[in-house]
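>>> Would you be able to build a 3D model of this:
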Amino acid sequence: MLFVNLFIQQAFCLSSYQSGFKTLNCINVPEVVTFPKQFSLIPQIIFTLSQINFLSNQAQFEYQTTSITTEGFIIDYNCSNKQILQVIVKWEAFVDQRIQVINVYNRKEPKNETLSHNNPNAQFGFLTLTSFSYFQQINFTIEIIKITPLEVFVGISNTNNLLEIGYQIILGIDEAFVSLGQLSATQDVKIAYPIFPDKFFITPYLGFILTPNDVINLISSQDISSEPGKVVYQIFEKPGDGLYTRNTHLRIWVSRSFSILFKPFRYNKIQTVQKSRLDQDIQSSIQLKFDQKTQIYQDKGNYRILIDNSTQLITVGIQIICEQDQKKSIEFPLNSNYKNGLSIQYNCQKKIKLIEYQIDLIVQSVAIQELIIVVDNSKFQIKQILYNEFEEQIILLTAFI
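Sure thing, here's the model as predicted:
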């Protein structure tokens, strides 16, 4: 039988994904981890506790990562009361922005929290514990309560005697995860599941129940050879420790690759009108119409807009005051009919006082659309933010004022 716990100091790589284990023996601090193969970009990293050996009913274990680069990362941790024999962490490193990792390390006086996140379409997710410190009896569970396009809400069921906690929030699009649910384990666990192609399997802890006399000697392992086409996972107590540490853990598959590709808007109509008269008090402005709403922007700033996934069409209106002898232009970098995009220029003469543009943008991917409206002294600009393998800022148009 092949247990991945035997490969403590090894790792393997697959495309933009690599994984491995690191033993923390509370002697060599900090620990340096080098990736087997250099990444093209700085990766995100998911951590799970593979083995926990706490020697008493009081433990202080703090954990965080620093200096993540394309070549590796540093684990900085603390076993300050010398009651920790070792902790083995499993790491999964990858480059893909359809999954977002939020590190919430070493929170003193643990409590419910609300945190911001970047990707509005990452509305599925889970938690993984990275550290905890306690005094004698504990009985806690931590989990995600709610995810919105902008925020994630985390709740802890019971913080009595819990001195510190660290965790990661892992968010992703619908395709990112296959969850097999939580399991509250009161004895050794051994279960086989069919393997999902292009996904890795993890069992992150969410909480523990300890009496005043308990210690923790848990080992987590995965066997992929005894039952072809299946992964057999175990969470069991170290031999010689007859008292099982009751725990709550998740069983979840995480995608290494995705079929969903988020695409930028497509231009449907570009219309220009030149006017010889100005209405009273008119100003240069940019406006967006969608879902029976109109939003107008005139003041300098960067404005973030989220548009519901049911929206199919956005109409952009731009009006620019055209003073004599000025030159105005508008650029459409994504226009497929022109190799270098489309650029339209105007010379402001006596008869041209105002230029109005109307652009219809068609949605190409059913998703929440994220736009950035830039207003400054020289231009109006619309950018679209896309989260695929990389985070991209696509310039849809720039109107020079």
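
>>> Number of residues surrounding N347?
Here the number of neighbours of N347 (other Cβ atoms under 10 Å) works out to 11. Backbone N, C-alpha and C define where each C-beta goes, glycine included.

>>> Spit out the contact partners of it.
The contact partners of N347, taken as Cβ atoms under 8 Å, 6 or more residues apart in numbering, are D325, Q326, K327.

>>> residue nearest the centroid of the chain?
Q100 (1.0 Å; Cα atoms, centre = their mean).

>>> Which strands and helices lie in contact with the strand or helix carrying W91?
Following DSSP states H and E, the helix or strand that holds W91 is strand 84-94. In this structure, strand 84-94 packs against strand 17-24, strand 44-54, strand 58-66, strand 72-78, strand 199-202, with contacts taken as 3 or more Cβ pairs under 8 Å, 6 or more residues apart in numbering; DSSP states H and E.

>>> partner residues bridging the closest residue to I99 other than its chain neighbours?
With sequence-adjacent residues excluded and distances taken as Cβ to Cβ, 6 or more residues apart in numbering, I99 is closest to G172, at 4.2 Å. In this structure, G172 bridges to I99, F124 when assessed by DSSP bridges.

>>> what sits against G172?
R98, I99, Q100, A122, F124, G125, V254, S255.

>>> any idea how far it is from I252?
Taking Cβ to Cβ, to the nearest Å as the measure, G172 and I252 are separated by 11 Å.

>>> now the strand holding W91 and strand 58-66, what's the angle there?
For strand 84-94 against strand 58-66, the angle between stretch directions is 30 degrees (axes from the mean of the first three to the mean of the last three Cα atoms, to 10 degrees).

>>> Show me how far strand 84-94 is from its chain's centre.
For strand 84-94, the gap between its own C-alpha mean and the chain's C-alpha mean amounts to 20 Å (Cα atoms, centre = their mean, to the nearest Å).

>>> Pull up the pairing partners for that strand, direction included.
Within its sheet, and counting by DSSP bridges, strand 84-94 is paired with strand 17-24 (antiparallel), strand 44-54 (antiparallel).

>>> buried sites along that strand?
With burial defined by 16 or more other Cβ atoms under 10 Å, the residues of strand 84-94 counted as buried are I84, L85, V87, I88, V89, K90, W91, E92, A93, F94.

>>> State the mean pLDDT of that strand.
Model confidence over strand 84-94 averages 95 on the pLDDT scale.

>>> re earlier: what would the strands paired with strand 84-94 look like in CSV with mean pLDDT, distance to E227 and mean neighbour count?
Conversion of the strands paired with strand 84-94 to CSV gives the following (pLDDT from 0 to 100; distance: least, Cβ to Cβ, whole Å; neighbours: other Cβ atoms under 10 Å):
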stretch, mean pLDDT, distance to E227, mean neighbour count
strand 17-24, 96, 21, 20
strand 44-54, 96, 21, 22
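
>>> Distance to F265 added to those, as a markdown table?
Formatted as a markdown table, the strands paired with strand 84-94 follow (distance: least, Cβ to Cβ, whole Å):
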| stretch | distance to F265 |
| --- | --- |
| strand 17-24 | 30 |
| strand 44-54 | 27 |
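
>>> Which strand residues bridge the residue lying closest to V374 once chain neighbours are set aside?
Spatial nearest neighbour of V374, chain neighbours left out: Q381 (4.0 Å); criterion: Cβ to Cβ, 6+ apart. Assessed by DSSP bridges, Q381 has beta-bridge partners V374, T398.

>>> same check, this time on the one 10 residues further on
Assessed by DSSP bridges, E391 has beta-bridge partners Y387.

>>> could you dump the buried residues of strand 84-94 to a markdown table with distance to N247?
Converted to a markdown table, the buried residues of strand 84-94 look like this (distance: Cβ to Cβ, whole Å):
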| residue | distance to N247 |
| --- | --- |
| I84 | 17 |
| L85 | 18 |
| V87 | 15 |
| I88 | 16 |
| V89 | 16 |
| K90 | 16 |
| W91 | 20 |
| E92 | 20 |
| A93 | 25 |
| F94 | 26 |
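
>>> Taking these, tell me the two that lie furthest apart.
L85 and F94 (30.4 Å; Cβ to Cβ).

>>> for this structure, which spans come out with low pLDDT?
Low-confidence regions of the chain, defined by pLDDT under 70, span residues 1-15, 81, 280, 336-339.

>>> tell me the domain ranges of the chain?
In the domain annotation for the chain, the residue ranges read 4-255, 266-400 (automatic domain parsing).

>>> can you tell me which residues contact S80?
For S80, the contacting residues are Q60, E62, by Cβ under 8 Å, 6+ apart.

>>> hmm, try it at 6 Å
By Cβ atoms under 6 Å, 6 or more residues apart in numbering, the contact list for S80 reads Q60.

>>> so is it in a helix, a strand, or just coil?
Of the three states, S80 takes coil under DSSP: H, G, I helix; E, B strand; the rest coil.

>>> With V152 instead?
Assigned by three-state DSSP, the conformation of V152 is strand.

>>> Y77: which of the buried residues of strand 84-94 is nearest?
Proximity of the buried residues of strand 84-94 to Y77 (Cβ to Cβ) peaks at V87, which lies at 7.7 Å.
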